[in-house]
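Chemist: generate coordinates for the sequence data below:
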Amino acid sequence: MKLDVAYRGRSELVAGSSGSRSLRFATNLNREAVAFDAALKMPLRFREAISALHDVVISDLRFQPRDHDAYDAWKKGERLREMQLHRAEYERLKKEVLIGAHQELAGEFEERFKRLRKKYWDLRNKHSIRLRVRNPELWRMLMPADPVVTVADDTVFFECFSADQASYGCLNVVREDAFGTSSELQLGTTNVDYSWALYDHFQTLRSYRETRLKVDPQGFGSTTTGAGEHREEKIDLPEGWLRGFMQLQSGMTLPMRRVTLSRDSVYSLLAWLRRHKAKRSPRAIRFELTPGEPPNVVLEPWEERIVSHGTRHDGSPVEPIRIWGGRRLLSLARVLPLMESCDVYLLGTGLPSFWIAKMGEMQLTLGLSGWTANDWSSGGSLESLLPPGEPSPSQLQLAAKLLQRERALRFDDLQASMACNIGDCAAALNQLAYSGQVIHDLAAGVYRWRQVMPMALGEAELGPASPEVSASRVLLQRNQVSLLDSSLQTSGVRVGKGTVERHPVEVVIDVDGMIKRGKCSCSHHHRAGIRRGACRHLLALRAVMLGQSPTSDASTDAWYHRLLNLSRN
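Modeler: Purely as a prediction, here's the structure:
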């Protein structure tokens, strides 16, 4: 998808009168006008939090294999170039010594310098455009995606998605506690210009001088040199980037278990990950939760146990939950001195998790995927938790209208206003979040109207759904699934055997309803197993075992209550 943005000027830190400074964000002129201008009460705390968000933007832990061919060619070219330079310089000096001639500095040196400098920057800009076209992944690493800023009635929050399409960051700043009175206020959502230079400006924030945060809807005036520059860019978002972002947003609307960790346990977790790097599998973080006792976090493969003293788990017994992507938690290191506690929201084993660092007037949300090399759009694990059917257009329109008018609503208030059952309300919120119009603020417990793009996103912008998930639904509709045996183990794990489209299938499902292991004779399972998502036959047999097939009277109410019960047990 190509995203059109236009900025007047660049985001920067501008010095004002009496030693004050303004942290000005240039907004996307192609989006709705958003305005905010207020003094920061605690600039240092904001500096550390926004810098941690920057670490999420640039994070990329995908494996990059070494290619020595280019390096060998470069070394050969360097040797040849050095020999040529050495020979040319030797001949020049030899000639000067022989004839005693010395060049005088040309009078037009300054003009020549300006001309060559302009040539350098023109070539550099051309190289940036060429890199963006030929290698968008490398260009995105060097030029992070512009974050999304939302000015709401009670908060201002910044959102970003990492370069490797695997981490989500959201810095939520409470307006009343973190800012003074705003002289300009216009609610809405827009993109803001972001660059590496702006990150350097963040580091200059100090507590002994006033700093204002300004979101300017019209760009900057002529008081700043070069601020009148009008730039239009067409950003070609990487394939799967936007879809992974939206799948994460829809995942945040699902019921989840909440685990509270103390600051010292988070410190121990980050310190261990900083000092050790796993060289063998498994590399998961395992949560062991016992009712009435402190949560235990176990780091695999070392089996290092970290106990969160000072907090306890309230809930029913549950089997251990394993999540992946632990090294991305190092983005929280910078806000550790500000952290009071950390709430972890768990969807289940192998699914995304959300870590909310509570810092008084600020909360930093870090969303982690279950993979390093994959993004969310590569597998069907998260999609298998989505509603069994789509909400009606009238319900979607009503929910969107209510949220757009109120801007923030709790789930119960929205359901009462819609006068519908709990499943339909949850399905409507899930669909609105997937289309980029709603975000679930986990820290505040409300759903906010926030359009991440100027339009509602659909299949044309996000791309088609996972082919295996779509094909599994077709198999269910055609009644091509035969369940031969299903047994429930004492640990809550289900084991099933059956035939799907003439393929013998065996599947093991945990208490979260997720596929832990499976066997199938199809080519998809033979190539990758369940590492890149289960095949259509495993997904179809799982749906029959859980009563999610179209012939089993599956409803949105049953779907939502099942997830709700899992999050509480």
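Chemist: and the residue most central in space within the chain, how far is that from Gly244?
Modeler: Nearest residue to the geometric centre of the chain (C-alpha atoms, centre = their mean): Tyr168, 1.9 Å. Using C-beta to C-beta, to the nearest Å, one obtains 9 Å as the distance from Tyr168 to Gly244. The way it works is simple: take the backbone N, C-alpha and C, and place the C-beta from them, glycine included.
Chemist: what's the answer for Ala399, then?
Modeler: For Ala399 relative to Gly244 (C-beta to C-beta), the value is 24 Å.
Chemist: and for Ser183?
Modeler: With C-beta to C-beta as the criterion, Ser183 and Gly244 are 38 Å apart.
Chemist: which one's more surrounded, these two?
Modeler: Gly244 (24 against 12; other C-beta atoms under 10 Å).
Chemist: against which helices or strands is the host helix or strand of that one packed?
Modeler: In this assignment (DSSP states H and E), Gly244 forms part of helix 241-251. Using 3 or more C-beta pairs under 8 Å, 6 or more residues apart in numbering; DSSP states H and E as the contact test, the elements touching helix 241-251 are strand 155-161, helix 422-434, strand 438-441, helix 459-462.
Chemist: circling back: isn't the residue nearest to the centre of the chain right up against Trp241?
Modeler: No. Counting by C-beta atoms under 8 Å, Tyr168 sits too far from Trp241 to count as a contact (11.5 Å).
Chemist: quick one: common contacting residues for these two?
Modeler: Phe161 (C-beta atoms under 8 Å, 6 or more residues apart in numbering).
Chemist: need the contact list for the residue nearest to the centre of the chain.
Modeler: Here Tyr168 is in contact with Val56, Glu159, Cys160, Phe161, Ser162, Phe245, Leu248, Thr365, Leu366, Gly367 (criterion: C-beta under 8 Å, 6+ apart).
Chemist: hang on, it is in a strand, isn't it?
Modeler: Yes. Under DSSP: H, G, I helix; E, B strand; the rest coil, Tyr168 sits within a strand.
Chemist: in the sheet, which residues pair with the nearest residue to it once chain neighbours are set aside? Tell me.
Modeler: Of all residues not flanking Tyr168 in the chain, Gly367 sits nearest, at 3.5 Å (C-beta to C-beta, 6 or more residues apart in numbering). On the basis of DSSP bridges, Gly367 is bridged to Tyr168, Phe354.
Chemist: start the count at 9 instead of 1 going forward.
Modeler: I'll keep to 9 as the first residue from here, and by that count the last item is Gly375.
Chemist: Gly375: what's it in contact with?
Modeler: With C-beta under 8 Å, 6+ apart, Gly375 has these contacts: Ser175, Tyr176, Gly177, Cys178, Leu256, Met260, Pro360, Ser361, Phe362, Trp363.
Chemist: at 10 Å instead, please
Modeler: Counting by C-beta atoms under 10 Å, 6 or more residues apart in numbering, Gly375 touches 64, 169-170, 174-178, 253, 256-257, 259-260, 333, 336, 353, 360-364, 384, 450.
Chemist: before we move on, what about Arg32?
Modeler: So Arg32 contacts 17-22, 45, 200-201, 206, 209, 220-224, 227-228, 232, 235 (C-beta under 10 Å, 6+ apart).
Chemist: quick check on those residues: which are buried?
Modeler: Buried subset of those (neighbour count, 16 or more other C-beta atoms under 10 Å): 17-22, 45, 200-201, 206, 209, 220-224, 227-228, 235.
Chemist: and the residues you listed, which of them are in helices?
Modeler: Leu206, His209 (DSSP state H).
Chemist: quick check: domain ranges of this structure?
Modeler: 10-69+151-155+184-245, 252-393, 401-470, 475-576 (automatic domain parsing).
Chemist: quick one: which of these is nearest Arg138?
Modeler: Nearest to Arg138 among these is domain 10-69+151-155+184-245; the distance by C-beta to C-beta comes to 13.1 Å.
Chemist: gap between the closest one and the chain center?
Modeler: Distance of domain 10-69+151-155+184-245 from its chain centroid, counting by C-alpha atoms, centre = their mean, to the nearest Å, is 20 Å.
Chemist: what average pLDDT does it get?
Modeler: Domain 10-69+151-155+184-245 carries an average pLDDT of 76.
Chemist: quick check: buried residues in the next helix or strand after the helix holding Gly252?
Modeler: Following helix 249-259 in sequence order, the next helix or strand is strand 265-270 (DSSP H and E). Neighbour-count burial for strand 265-270 flags Arg265, Val267, Thr268, Leu269, Ser270 (criterion: 16+ other C-beta under 10 Å).
Chemist: and the first one, bridged to which residues?
Modeler: Beta-bridge pairing for Arg265 (DSSP bridges): Leu354.
Chemist: which residues touch it?
Modeler: Taking C-beta under 10 Å, 6+ apart, one finds 295, 297, 321, 323, 326, 329, 352-356, 361, 520, 574-577 in contact with Arg265.
Chemist: make sure Arg288 is indeed in a helix.
Modeler: No. Using three-state DSSP, the assignment for Arg288 is coil, not a helix.
Chemist: per-residue pLDDT, the closest residue to it other than its chain neighbours?
Modeler: The spatially closest residue to Arg288, leaving aside those adjacent along the chain, is Pro309, at 5.8 Å (C-beta to C-beta, 6+ apart). The per-residue pLDDT reported for Pro309 equals 88.
Chemist: next: Asn487.
Modeler: On the pLDDT scale, Asn487 gets 86.
Chemist: cool, and Leu337?
Modeler: So Leu337 comes in at 92 (pLDDT).
Chemist: would you agree it falls within a helix?
Modeler: Yes. Under three-state DSSP, Leu337 falls within a helix.
Chemist: my guess is it meets Tyr275, correct?
Modeler: No. Judged on C-beta atoms under 10 Å, Leu337 makes no contact with Tyr275 at a distance of 11.3 Å.
Chemist: these two: which is more packed in?
Modeler: Neighbour count, other C-beta under 10 Å: between Leu337 and Tyr275, Leu337 has more, with 20 against 16.
Chemist: so what's that one up against?
Modeler: Per C-beta under 10 Å, 6+ apart, neighbours of Leu337: Ser175, Val274, Leu277, Leu278, Leu281, Arg282, Ile293, Cys350, Ser361, Trp363, Leu374, Leu376.
Chemist: got a PyMOL select line for the buried ones in those residues?
Modeler: Selection of the buried residues among these in PyMOL, burial being defined by 16+ other C-beta under 10 Å:
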select buried, resi 175+274+277+278+281+293+350+361+363+374+376
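Chemist: tell me which of the contacts of Leu337 is nearest to Gly431?
Modeler: Among those, Ser361 lies closest to Gly431 (C-beta to C-beta), at 24.4 Å.
Chemist: show the pLDDT at the closest one.
Modeler: 92.
Chemist: list phi and psi for the residue nearest to it when sequence neighbours are not counted.
Modeler: By the measure of C-beta to C-beta, 6+ apart, the closest residue to Ser361 outside its immediate chain neighbours is Ile331, 4.7 Å from it. When read as degrees, to the nearest 10, the backbone of Ile331 gives phi -130, psi 160.
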